[in-house]
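> Here is a sequence together with a model predicted from it:
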Amino acid sequence: MDAASNSLAGRIILVTGGARRLGAAISRHLGGRGARVIVHHRSSERAAQALVRELPAGSLAVAGDLALAETPARLLAALRRDEALPDAIVHAAASFVRRPLLETSAADWDAIFALNLRSFFLLAQAFAVERGERGGALVAVGDSGALELWPSYLAHCVAKAALASLVQALAKAMAPRYRVNAVLPGAVLPPDDASPAERDGMAARSLLGRLGDPAHVASAIELLLTDDYITGALLPVNGGSHLWRRDGA
């Protein structure tokens, strides 16, 4: 059995983007299962510190801009020095930027790819350097855009599709000591400013006819962290929306 046992109790898990929205729900869920959670944030210090107070003893907040190439290695090295090196990483940090084709600049493209794709590669690389033969588990939080390819979020969707490929490539490259998986959430946490009509539209694109909940994603992540015979998996948590077609076929 590798570093991912069938229990989260006592484990150290880094959750990037773990202070707000879906990331915060994931942090709370893992903490509720007894994990010591390292809550990463870029600029949400107050929210991160408040969340840590809800979590098991030994949890802490760390800051860093993962869009910068040097941050992942620095972050993991600092955690090792502080005797808080995680045995698992859940990468929930991401941007969700609306950029249709003709509104996407080269700078937009680079920024979206830096956080949504490159940062996970660099985290995996730094994780392998710091943990070595001890191994561990990584879970990337993608989204349904990787499967559905929304035209108004073109760069975002392509980055998330590439993230899905990266997860499977890393699963091969880091085996057998490391397991690498992804969850692909759908409409589990609509934007705060979404209108009732927009929420209804999101629900209608699910085969189950309803919105999901962050708890659905968090429980899927728990599965991927605790079942030590799963690697290279891309797990949609979207009510089947990637199978939905407007013509009903």
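Received the coordinates, thanks.

> Which strand in the chain has the most residues?
The strand that spans the most residues within the chain, counting by DSSP state E, is strand 178-185.

> Partner strands of that strand and their direction?
Sheet pairing for strand 178-185, assigned by DSSP bridges, gives strand 136-141 (parallel), strand 234-237 (parallel).

> Ramachandran angles for residue 34?
phi 100, psi 0 (degrees, to the nearest 10).

> Contact partners for it?
The contact partners of residue 34, by C-beta atoms under 8 Å, 6 or more residues apart in numbering, come to 7-11, 56. Any C-beta I mention is one placed from the backbone N, CA and C, and that applies to glycine too.

> Now a PyMOL select for only the buried ones of these.
The buried residues among the contacts of residue 34 can be selected in PyMOL (16 or more other C-beta atoms under 10 Å) with this line:
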select buried, resi 8+11+56
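
> Turn the contacts of residue 34 into JSON lines, columns for secondary structure, distance to residue 80 and pLDDT.
Below are these laid out as JSON lines (DSSP: H, G, I helix; E, B strand; the rest coil; distance: C-beta to C-beta, whole Å; pLDDT from 0 to 100):
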{"residue": "7", "secondary structure": "coil", "distance to residue 80": "23", "pLDDT": "89"}
{"residue": "8", "secondary structure": "coil", "distance to residue 80": "21", "pLDDT": "97"}
{"residue": "9", "secondary structure": "coil", "distance to residue 80": "22", "pLDDT": "96"}
{"residue": "10", "secondary structure": "coil", "distance to residue 80": "18", "pLDDT": "94"}
{"residue": "11", "secondary structure": "coil", "distance to residue 80": "16", "pLDDT": "97"}
{"residue": "56", "secondary structure": "coil", "distance to residue 80": "20", "pLDDT": "97"}
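
> Quick check: of the contacts of residue 34, which lies closest to residue 188?
Checking the contacts of residue 34 against residue 188 with C-beta to C-beta, the nearest one is residue 8 at 20.6 Å.

> Do I have it right that that closest one meets residue 33?
Yes: in this structure, residue 8 is within contact of residue 33 by C-beta atoms under 8 Å, at 4.0 Å.

> Overlap of the contact sets of these two?
Jointly contacting residue 8 and residue 33 under the rule C-beta under 8 Å, 6+ apart are residue 222.

> and of the contacts of residue 34, the nearest to residue 215?
Nearest to residue 215 among the contacts of residue 34: residue 8, at 15.2 Å, using C-beta to C-beta.

> biggest helix in this protein by residues?
In the chain, assigned by DSSP state H, the helix with the most residues is helix 154-174.

> Where does pLDDT dip in this protein?
1-6, 245-249 (pLDDT under 70).

> all helices of it, in order?
21-32, 45-52, 71-81, 106-113, 119-131, 145-148, 154-174, 196-204, 214-226.

> Residue 64 is nearest to which of these?
helix 71-81 (4.5 Å).

> how far off helix 119-131 does the closest one point, in degrees?
30 degrees (axes from the mean of the first three to the mean of the last three C-alpha atoms, to 10 degrees).

> How far does helix 71-81 sit from its chain's centre?
Helix 71-81 has its C-alpha centroid displaced from the chain centroid by 18 Å (C-alpha atoms, centre = their mean, to the nearest Å).

> Which strands or helices does that helix pack on?
If contacts are counted by 3 or more C-beta pairs under 8 Å, 6 or more residues apart in numbering; DSSP states H and E, helix 71-81 sits against strand 60-63, helix 119-131.

> residues of that helix that come out buried?
Across helix 71-81, burial judged by 16+ other C-beta under 10 Å covers 71-73, 75-76, 79.
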